[in-house]
Structures are given as C-alpha cells and as structure tokens.
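*Asks:* Sequence and predicted structure, then a few things I'm wondering about:
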Amino acid sequence: MRAFPRPLLLALIAALACTNAGETLSLPPLATGTIGVGVYFDRDGSLTQSSLDTTVAGVRVALLAPTGQDTLRTATTNASGFAVFDSVPIGSYRLVVDRKALADSVGVVAGDTGIVRLIASTDSIKSSRVIRLGYLEVSLAAARLLPAGQRVLVRGKVISPLQAFRDSTAFLLDTSGTLRVTDARPRLGGNGNAIGDSVLVLGTTAEQAGQAVLSNGLFLTYGPGVAPLPQVVTVPDAINARGGALDAALVQLTSVVIRDTTSSGPDFILKVADPAAPAVTVTVLIDQLLNAPRSIFSPGRTGTFRGVLVPQGDGTWVLKPRIPQDIILN
C-alpha cells in the first residue's frame with residue numbers, strides 16, 4: 001500500500017470506520033463512454049448490500065483488456081466508494097481490484113470478474129459494476145487454526161440451535177469438523193434456528209476453556225436440512241472428548257447408569273457411568289432451558305444421553321443435551 005498515492009492510505013480505514021454505514025451505493029449518472037465502479041464492504045456477511053455495510057474509499061481499480069494482464073487505466077474510489085473511467089472507447093474490458101493494496105482483513109473480493117462491454121447504442125454506451133469486499137470465509141477446521149481476534153465467515157449445519165442453552169452458545173458441523181459459537185444470535189429480523197439448518201455465521205476467532213471457538217456469532221439461516229446423527233462414544237471418550245478431537249461434537253452415551261446428581265445454580269448435574277465400570281463417570285449437564293423435572297434423574301436409573309461436548313478447561317468435557325428428545329431413560 002505504501003507504493004501508491006496518499007488516497008490509498010484511506011482504503012480500509014474508511015471501510016472500517018462505520019461512519020457511512022448503509023450509505024447508498026447507487027452510481028451517479030454516467031457520461032457517454034463511461035464505466036462506473038462502486039465498492040462496499042460486506043460487514044454483516046449477508047453477501048448483499050445492507051444497511052450495516054459501508055462504502056469503501058481508496059480502493060485502486062484497474063481497467064484491463066479482456067485478455068491479458070496489461071493495465072489500460074487505473075482509478076481510485078472516492079469517499080463515497082465510487083470510481084469512474086470516462087471517455088472509454090467502445091469495446092470490451094475487465095475490471096480488477098488491486099488486492100495487494102487491501103488490508104489483511106479483506107478475504108473476499110467479489111464482482112470484479114467477467115467482461116464489461118461498451119456498445120454504440122443508447123443503452124449500452126455506459127456500464128457499471130458493484131464490487132463487494134468481505135471477510136475471509138473458512139472451514140470450521142481452518143477457523144480453529146487462526147489466531148484469536150480475526151473476523152471470519154463460516155458455513156455449516158446446526159447441530160445445536162441458538163435457543164438450546166441459556167449461555168447463548170450454538171454448535172456447528174461441516175465436512176471438516178465441529179465448532180462452538182459463543183454469544184450466538186440471529187441477524188437483525190431473525191429469531192432462532194433448527195437442528196440441521198444450513199447457516200452462514202460471521203464471528204471472531206477466539207479461545208475459551210482451552211479450545212477454539214467463534215465468538216459473537218451472527219447467524220444467517222438460508223435453508224432447512226436433515227438433523228445430523230450423533231457419534232456413539234464410550235464414557236472415557238466423552239470425559240476427554242477423545243483427546244480433544246471430539247470438542248463441540250454431537251455424541252451419544254448408550255445405556256449408561258446415573259451414579260450421582262447435584263444442583264448447579266439453575267442447572268442440574270448428573271454423573272453417569274458404564275454399568276461395567278461404575279467408578280469412571282462423566283458429567284451430563286441438564287440446562288435449565290430443557291425444563292426437565294429433576295425427580296426423573298434418580299441414581300441407579302439407566303438411560304441414553306445425546307448432546308454436544310463442551311470443555312471445562314481442565315482437560316475434561318461435559319455432555320450437554322440440547323432438546324428433551326436427547327434424553328431417553330429406562
């Protein structure tokens with residue numbers, strides 16, 4: 001960025017300042033033989049321009065021939081996020097954003113591909129293009145490996161919905177693994193979601209209880225789906241989440257016996273074990289939002305428990321049932 005003129009120093013400063021959130025990106029009237037470019041930053045990760053987004057000043061855009069890499073002209077977006085190429089001869093062109101001049105937080109540049117054509121006709125002698133800048137989109141496994149404090153987008157399937165736990169955590173699954181989302185909430189205008197829903201989540205990488213999480217997760221639900229099946233595990237597997245490999249995973253303990261119960265504020269704690277090894281117990285946390293009568297969890301009673309594995313920070317995990325159907329007592 002230092003190699004470019006002073007306006008480029010404002011590139012992502014303007015994008016991140018939020019002073020022009022929601023500013024209209026409608027291009028101004030264009031003269032004959034003109035290509036207009038508008039650039040905005042997709043702050044809410046909705047993939048379309050919304051009132052939460054900001055226009056971006058100082059972005060360098062190159063006008064190229066339709067084939068090859070030779071730059072014909074360059075323009076830089078102004079304070080309103082606009083750049084204009086005027087007096088452009090009739091023909092075909094490409095528009096390309098100078099990615100080297102963008103901050104590391106910009107992981108997506110969309111809209112600067114394809115051909116722009118100017119034709120000698122009233123409705124085709126002018127053209128325009130809107131370009132979207134956005135946060136890095138990664139898999140759940142990749143999000144776990146990123147340093148804390150990085151804003152990212154992830155896609156996945158809901159294995160525990162927004163409204164399941166009173167601590168506002170939700171849990172996601174994709175082909176790469178699972179991840180816990182803390183301080184989870186729906187986008188403006190949304191409500192809860194359902195197990196199996198496909199979602200897009202904007203959040204910040206962080207660590208909690210020794211495990212990677214996505215904090216301040218903002219959920220956009222874009223389709224229903226089939227509820228994922230739990231992985232059947234043993235009590236020792238659940239105690240340490242199989243060495244951490246099953247952190248945030250959906251698992252099932254089959255035919256275990258309740259050894260002990262205790263209250264923990266508004267929640268209820270069970271210690272369950274394999275009947276063949278009653279001294280080895282794992283914690284099952286019954287969240288207050290389950291509204292499960294405590295009297296049904298009597299010591300000595302056997303049952304099957306499904307839920308997500310949540311770290312305690314001491315090398316052990318607890319199993320948290322999400323819905324009443326996760327608990328089957330004999």
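*Replies:* Right, received. Where do you want to start?

*Asks:* Quick one: low-confidence residue ranges for the stretch 101-250 of the chain.
*Replies:* Scanning the stretch 101-250 of the chain with the threshold set as pLDDT under 70 gives 123-124, 189.

*Asks:* Strands along that one, start to end?
*Replies:* Along the stretch 101-250 of the chain, counting by DSSP state E, counting those that start in this stretch, strands occupy 106-110, 116-118, 126-137, 151-160, 170-174, 177-181, 185-186, 198-208, 211-223, 231-232, 250-264.

*Asks:* which helices and strands does the third one pack with?
*Replies:* Contacts of strand 126-137 with other secondary structure elements, assessed using 3 or more CB pairs under 8 Å, 6 or more residues apart in numbering; DSSP states H and E, are made with strand 34-41, strand 91-97, strand 106-110, strand 116-118, strand 151-160. In short, each C-beta sits where N, CA and C put it, glycine included.

*Asks:* which residues touch the residue nearest in space to the middle of the chain?
*Replies:* The residue lying closest to the centre of the chain (CA atoms, centre = their mean) is residue 201, at 2.6 Å. Residue 201 sits next to 45, 153-156, 172, 181, 184, 214, 217-220 when contact means CB atoms under 8 Å, 6 or more residues apart in numbering.

*Asks:* now it: how far from residue 309?
*Replies:* Separation of residue 201 from residue 309 (CB to CB, to the nearest Å): 19 Å.

*Asks:* repeat for residue 74
*Replies:* The gap separating residue 74 from residue 309 is 52 Å, by CB to CB.

*Asks:* Between these two, which has more neighbouring residues?
*Replies:* Shown here are residue 74 and residue 309; by other CB atoms under 10 Å, residue 309 has more neighbours (29 against 15).

*Asks:* and the more buried one, what are its bridge partners?
*Replies:* residue 319 (DSSP bridges).

*Asks:* Hmm, it is touching residue 247, no?
*Replies:* Yes: counting by CB atoms under 8 Å, residue 309 touches residue 247, with 6.3 Å between them.

*Asks:* Need the overlap of contacts for those two.
*Replies:* Shared contacts of residue 309 and residue 247 (CB under 8 Å, 6+ apart): 241, 317.

*Asks:* Endpoint to endpoint, stretch 322-330 covers what distance?
*Replies:* 19 Å (CA to CA, to the nearest Å).

*Asks:* C-alpha coordinates for stretch 147-165, PDB please?
*Replies:* Taking Å, rounded to 0.1, in the frame of the first residue of the first chain, the C-alpha atoms of stretch 147-165 are listed here in PDB:
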ATOM      1  CA  PRO A 147      -5.100 -16.600  15.600                       C
ATOM      2  CA  ALA A 148      -7.600 -15.000  18.000                       C
ATOM      3  CA  GLY A 149      -9.300 -11.800  17.000                       C
ATOM      4  CA  GLN A 150      -9.700 -12.500  13.300                       C
ATOM      5  CA  ARG A 151     -13.100 -11.700  11.800                       C
ATOM      6  CA  VAL A 152     -14.300 -14.600   9.500                       C
ATOM      7  CA  LEU A 153     -17.300 -16.200   7.900                       C
ATOM      8  CA  VAL A 154     -18.100 -19.900   8.200                       C
ATOM      9  CA  ARG A 155     -20.800 -22.100   6.800                       C
ATOM     10  CA  GLY A 156     -22.100 -25.200   8.400                       C
ATOM     11  CA  LYS A 157     -25.000 -27.200   9.600                       C
ATOM     12  CA  VAL A 158     -26.600 -26.500  13.000                       C
ATOM     13  CA  ILE A 159     -26.100 -29.400  15.500                       C
ATOM     14  CA  SER A 160     -27.300 -27.300  18.500                       C
ATOM     15  CA  PRO A 161     -29.500 -24.300  17.800                       C
ATOM     16  CA  LEU A 162     -29.300 -20.800  19.100                       C
ATOM     17  CA  GLN A 163     -32.100 -21.200  21.600                       C
ATOM     18  CA  ALA A 164     -30.900 -24.500  23.200                       C
ATOM     19  CA  PHE A 165     -28.700 -23.200  26.000                       C
END
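
*Asks:* List the buried residues of that stretch.
*Replies:* For stretch 147-165, the neighbour count (16 or more other CB atoms under 10 Å) marks 150-165 as buried.

*Asks:* do stretch 173-185 as well
*Replies:* Buried, per 16+ other CB under 10 Å, within stretch 173-185: 173-174, 177-184.

*Asks:* give me every residue that touches the nearest residue to residue 157 once chain neighbours are set aside.
*Replies:* Distance criterion CB to CB, 6 or more residues apart in numbering; nearest residue to residue 157, sequence neighbours excluded, is residue 173 at 4.9 Å. Residues near residue 173 by CB under 8 Å, 6+ apart: 140, 156-159, 228, 250.

*Asks:* Report the beta-bridge partners for residue 173.
*Replies:* Residue 173 forms beta bridges with residue 157, residue 178, as assigned by DSSP bridges.

*Asks:* okay if I get the strands of the stretch 101-250 of the chain as TSV plus distance to residue 296?
*Replies:* Shown next, in TSV, are the strands of the stretch 101-250 of the chain (distance: least, CB to CB, whole Å):
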stretch	distance to residue 296
strand 106-110	48
strand 116-118	67
strand 126-137	44
strand 151-160	22
strand 170-174	25
strand 177-181	28
strand 185-186	32
strand 198-208	31
strand 211-223	31
strand 231-232	23
strand 250-264	10
